[in-house]
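[1] Provide a 3D model corresponding to the input given below.
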Amino acid sequence: MVSRLVTVFLVLLLGVSGFAAFRLLEASIAAEVYRDRLSELSSDYESLRAQYNEAVRRTAVTELQVEDGVLTVVIRTAEGDLQALPTELDPAKEIYVDYVVHGGRLWIRRLFDEETPPDQGLVVDPRFADFDWDASQGHGKAAYRALGEGRWVVDVTGDGSLGLARREADDAVDLAPPPPVREYPPVDRAVEDRLGRVRPGEALRSIARQVDWRG
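    Sure, this is the predicted structure:
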């Protein structure tokens with residue numbers, strides 16, 4: 001009778017010890033898998049942050065100068081040279097600055113005011129005077145507003161959003177050559193999905209690493 005009780009006790013003790021060991025192994029595997037996932041999520045986050053910063057960073061591409069009622073447009077060419085073009089447009093009216101996204105870059109095309117037909121405006125880049133939209137697979141963008149005396153700068157973000165704002169006379173503006181315009185896909189993968197249950201393949205990889213390390 002005593003021998004049977006000892007045997008039952010030992011079996012129970014081994015069972016409890018085995019279960020505890022299993023839970024410890026399970027916790028160790030889960031911790032390692034979650035560390036791997038968090039490391040991957042951290043890498044993804046850094047990549048997303050860099051994309052976001054690039055997407056929202058604004059780059060000055062065109063300067064409009066109004067002095068004594070005369071409008072001059074200043075750009076930097078693809079070769080890096082500054083080019084100033086005087087116009088006969090009336091800056092008191094709405095001034096349209098017309099751009100083309102072509103070859104992944106933003107190119108200035110022409111200027112015109114609200115009383116001037118676009119095809120009679122000032123052509124800044126003759127290559128885009130008669131633009132073949134179908135062949136180029138490009139598209140157009142425009143910024144416009146009425147201008148007063150002073151300096152006005154058109155800037156653009158990494159995804160091609162245009163802005164037009166006044167600058168003070170002593171503000172340093174470094175005009176850039178035609179900047180790249182990129183597509184930034186939305187983030188549609190939930191973090192919770194990445195931190196869900198431990199999958200069998202992940203558990204096996206974790207066990208293999210632990211065996212290699214202990215061996």
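[2] give me the low-pLDDT residue ranges for this protein?
    Low-confidence segments of the chain (pLDDT under 70): 1-45, 47, 50-51, 186-215.
[3] just so I have it, where are all the strands in it?
    Ranges of strands within the chain are 59-67, 70-76, 82-86, 94-102, 105-113, 122-123, 139-146, 150-156, 162-167, based on DSSP state E.
[4] Reformat these as CSV; add mean neighbour count.
    Heads up, the C-betas are built off the backbone N, CA and C, glycines and all. Shown next, in CSV, are the strands of the chain (neighbours: other C-beta atoms under 10 Å):
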stretch, mean neighbour count
strand 59-67, 19
strand 70-76, 19
strand 82-86, 11
strand 94-102, 21
strand 105-113, 22
strand 122-123, 18
strand 139-146, 15
strand 150-156, 21
strand 162-167, 15
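[5] mind putting those in TSV, distance to L48 included?
    As requested, the strands of the chain are exported to TSV (distance: least, C-beta to C-beta, whole Å):
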stretch	distance to L48
strand 59-67	21
strand 70-76	31
strand 82-86	36
strand 94-102	24
strand 105-113	23
strand 122-123	40
strand 139-146	25
strand 150-156	21
strand 162-167	23
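[6] Any idea which of the ones you listed gets closest to R49?
    Closest to R49 of the strands of the chain is strand 59-67 (C-beta to C-beta; 18.7 Å).
[7] So which elements touch the closest one?
    If you count contacts as 3 or more C-beta pairs under 8 Å, 6 or more residues apart in numbering; DSSP states H and E, strand 59-67 packs onto strand 70-76, strand 94-102, strand 105-113, strand 150-156.
[8] what does that strand contact?
    If you take C-beta atoms under 8 Å, 6 or more residues apart in numbering as the criterion, strand 59-67 is touched by 71-76, 84, 91, 95, 97, 106, 108, 147-157, 173-176, 178-179.
[9] Partner strands of that strand, with direction?
    strand 70-76 (antiparallel), strand 150-156 (antiparallel) (DSSP bridges).
[10] Can I get those strands in CSV including distance to S136?
    As requested, the strands paired with strand 59-67 are exported to CSV (distance: least, C-beta to C-beta, whole Å):
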stretch, distance to S136
strand 70-76, 20
strand 150-156, 19
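[11] Could you work out which of those reaches nearest to E168?
    E168 lies closest to strand 150-156 among these, at 7.5 Å (C-beta to C-beta).
[12] Could you figure out how far the closest one is turned away from strand 94-102?
    Between strand 150-156 and strand 94-102, the angle comes out at 30 degrees (axes from the mean of the first three to the mean of the last three C-alpha atoms, to 10 degrees).
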